[in-house]
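Student: Need coordinates for the following:
(2 chains)
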Amino acid sequence: MDNLLLLFQAPPLALQVLIDGLLVGAILAMPAYGMALVWGVMNIINVTQGEFVLLGGFITYILFTTTGISPIWGIPVSFVALYVIGWVIYKIVIFRIVDRDLFISILATFGISIMLQQLMNVFFGADIQTADPGLESWGFMDDMIIVAPIRLIAFAMVFVLGGILVMFMRQSRMGRAIRATSQNARAARIMGVDTDKVYATTYALNAAICGAAGALVVMTSVIGPFLGIIYTVRSFLIVVVAGLGNLGAVVVSALGLGALENYAGFILGAEFQVAFVYILMVVILIYRSLMLRRQRRYLT
Amino acid sequence: MTFLSRKFAYLATGAAVAALMASTPADARVDGDTITLGAALSLTGKYSTAGHHTQRGYELAKKMINDAGGVTVGGKTYKIDIKYYDDESTPARGAQLVERLIQQDGVKFMLGPYSSGLTKAVAPIIDKYKIPMIEANGAARSLFTQGYKYLFAVLNTADQYLAESITLAAEHAKAQGKDPSSVKVALVFENDPFSQDVRLGVVEKAKEHNMKIIIDDKLPPELNDMASSLNKVRALRPDLLVVSGHSKGAALAIRQMTEMKVKVPMLAMTHCEAAKVTDEKNFGTHAEGTLCATQWDENLAYKDQIFGSALDYYNRFAKDYDYNPPYQSAESSAAVYVYTKAFEKAGSFDVDKVRDAIAATQMETFYGPIKFDAAGKNIAKPMVLRQIQDGKYIPVAPTKFATGKFRAGM
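Tutor: Below you'll find the model as predicted:
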């Protein structure tokens, strides 16, 4: 309880923990977006989120080490690269499982995740990697509060990306098609929507968002071929808490969980940081299973 | 394909299978003038990098020992050969393959796999078949509390990894005219068996000096972020921060301490080398002053007849494999070397005689002195702490072996 006391004695510290939590939450929000999107539109729980994130991280890392340009460029590059990879994976595997039940899709994406892990291991090696964005952290209030600019970029990106996604869904032809397909795929097909293309776009878009998140992860933390589970589980958690069909809820849930787990880690000790989030998830799952029937929704 | 040629194909296949079966004798431990050791190693999977370091260590030792004439047993010289399987970094597969090495390939002398987890999976098997195994890469303390009689380790156990940092902090406090008990220690350890073993050793040593442990965080393996622990460090200002969590822990600590502008007078870690924290491109010079635990350093005054000095080994490895040997390779080479000495001492390839000869080992090697206690762990060699000074690893503790001096306040 000493740690709890510490927070009250030093309010800037409490603020710092909150900021760190929100900024971590922002990075986790991105793969969660993607997961909600794929889950809502295609009814697939995509457990390769973590591997997509790491792949984005590795692409950024390779770009950084081979060309020497700032790893920040990795954000758009990974976005595009993962879009292509996502599209290819859809064309090889995912399209076969779109209309199957949830169990099949989890099994298939789980298989893809294992394969991606091993491929990353073969191509990039099993070592832990990190890339330095080369940005000095900002100190406020006599260095009592420290904020890393790269994390602020991540924070801003979540909202920008979210905004773009919402616009895309509402305004563009493809966005309308995606929404139509998620509401009723058969009816959409009858009305002339190329649902296959809709699914491919959705899946590729998800991979791309994860890729951009991966670029941020390699700059703020570390990546390795076998760390994917961290991001997959967090995405799942955030989406479960937020529910499908609401992008805003995903953001709030991600930021909230980030802040909560940071406080839990600070007060109870790091050993309870993740345990706390899991316990929360169980509680929410039980609540939701009582409240929610499975349904397909789109993100608005 | 005509009927005849198909029939011929069957015959040929049958013959090949028969030949294959005949060529795997039930007892392959000594085949002519070759003695075969066996090892299941992580050549693919998450430990593949370290697995290859281990294999190269074994291979270099094999090459150098054979070049120096091999092993002389009962007046006859034998060459060493090593049979490998890939355990894919999974314990279950490792156990399976070791059983296969023993049962099908007739290997009677085993070398260890990489990592404590794999060694833990393999140890009961070798104990069941009463086959000795000298391992070089399983440091968990719990390996040596099970009463295994055939398991020997040339390396220091995990609890010794960072205990030396406490001693160094105590010495440093004394030199400044302060009482060692005034030193405040912060511990941030990953919650896995290895790191927790490291923690135990540190806690024990800190208790000896009556130091106060003000932070004691156990990071879950599912966490890729150290912010909450580092915030505490910044608030409570410990004199010594000790971190261990494989290369992920080391890389995270340096990356986030830089990002969060957390500074401590002393920082001690494991796995600095694996995390490449001295790599300026990725970490700048932010790892400067960090104390890193290592099993071995090329500047230590160790030597033997086969490998020469520690530095000779270092240069030879660098020449053969085009990179500098990590300690995983050095200790793996030492394990093979212990076998050759044990064979010569036993004067035969009788498993029990060799086992007893290993148990009685007392030798100097380029890797350090080796002497096993009753549990099978090496108690003669100290752990070394190296400090990163101007981007280089300089041994600074234990003070009696150190070639450099500890620089405070970095």
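Student: for B:Glu222, what are its contacts?
Tutor: A:229-230, A:233, A:274 (CB atoms under 8 Å, 6 or more residues apart in numbering or on different chains). Placement of C-beta: from N, CA and C, glycine included.
Student: Quick one, which of those residues are buried?
Tutor: A:229-230, A:233, A:274 (16 or more other CB atoms under 10 Å in any protein chain shown).
Student: wait, which of those residues is closest to A:Ala26?
Tutor: Nearest to A:Ala26 among the buried ones among the contacts of B:Glu222, counting by CB to CB, is A:Ile230 at 15.6 Å.
Student: Tell me if whichever strand or helix holds B:Ala235 is near chain A.
Tutor: Remark: B:Ala235 resides in helix B:227-236, with elements defined by DSSP states H and E. Yes: applying CB under 8 Å from any CB of the partner chain, one finds helix B:227-236 in contact with chain A at B:227-229, B:231-232, B:234-236.
Student: thinking again about what came up before, the buried ones among the contacts of B:Glu222 also near chain B: which ones?
Tutor: Among the buried ones among the contacts of B:Glu222, chain B is touched by A:229-230, A:233, A:274 when using CB under 8 Å from any CB.
Student: Take these and keep only those in helices.
Tutor: A:229-230, A:233, A:274 (DSSP state H).
Student: tell me the SS of B:Ile134?
Tutor: Classification of B:Ile134 by DSSP: H, G, I helix; E, B strand; the rest coil places it in strand.
Student: so what's it bridging to?
Tutor: B:Leu111, B:Phe152 (DSSP bridges).
Student: list the contacts for it?
Tutor: Counting by CB under 8 Å, 6+ apart, the residues that B:Ile134 touches are B:110-112, B:152-154, B:335-336, B:338-339, B:358.
Student: Tell me the helices and strands packed up against the helix or strand hosting B:Met257.
Tutor: B:Met257 belongs to helix B:246-259 when elements are defined using DSSP H and E. Packing partners of helix B:246-259 (3 or more CB pairs under 8 Å, 6 or more residues apart in numbering or on different chains; DSSP states H and E): strand B:184-190, helix B:193-208, helix B:227-236, strand B:240-244, strand B:266-269, helix B:272-275, helix B:280-283.
Student: hang on, the earlier thing: need the contacts of B:Glu222 in CSV (columns: distance to B:Gly70).
Tutor: Converted to CSV, these look like this (distance: CB to CB, whole Å):
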residue, distance to B:Gly70
A:Ile229, 47
A:Ile230, 49
A:Val233, 53
A:Val274, 53
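Student: Of those, which is the nearest to chain B?
Tutor: Using CB to the nearest CB, A:Val274 is the member of these that sits closest to chain B, with 4.3 Å.
Student: which stretches of the chain form helices?
Tutor: Assuming you mean chain A. Under DSSP H, chain A gives helices at A:2-9, A:11-42, A:49-67, A:74-92, A:102-124, A:149-171, A:173-183, A:185-190, A:195-220, A:228-242, A:247-268, A:273-291.
Student: that's the other chain; I wanted chain B
Tutor: B:3-23, B:48-67, B:91-103, B:116-129, B:163-175, B:193-208, B:227-236, B:246-259, B:272-275, B:280-283, B:310-321, B:327-346, B:351-359.
Student: mind giving me a markdown table with those and columns for mean neighbour count?
Tutor: Shown next, in a markdown table, are the helices of chain B (neighbours: other CB atoms under 10 Å in any protein chain shown):
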| stretch | mean neighbour count |
| --- | --- |
| helix B:3-23 | 10 |
| helix B:48-67 | 21 |
| helix B:91-103 | 19 |
| helix B:116-129 | 21 |
| helix B:163-175 | 20 |
| helix B:193-208 | 20 |
| helix B:227-236 | 24 |
| helix B:246-259 | 25 |
| helix B:272-275 | 24 |
| helix B:280-283 | 16 |
| helix B:310-321 | 18 |
| helix B:327-346 | 25 |
| helix B:351-359 | 18 |
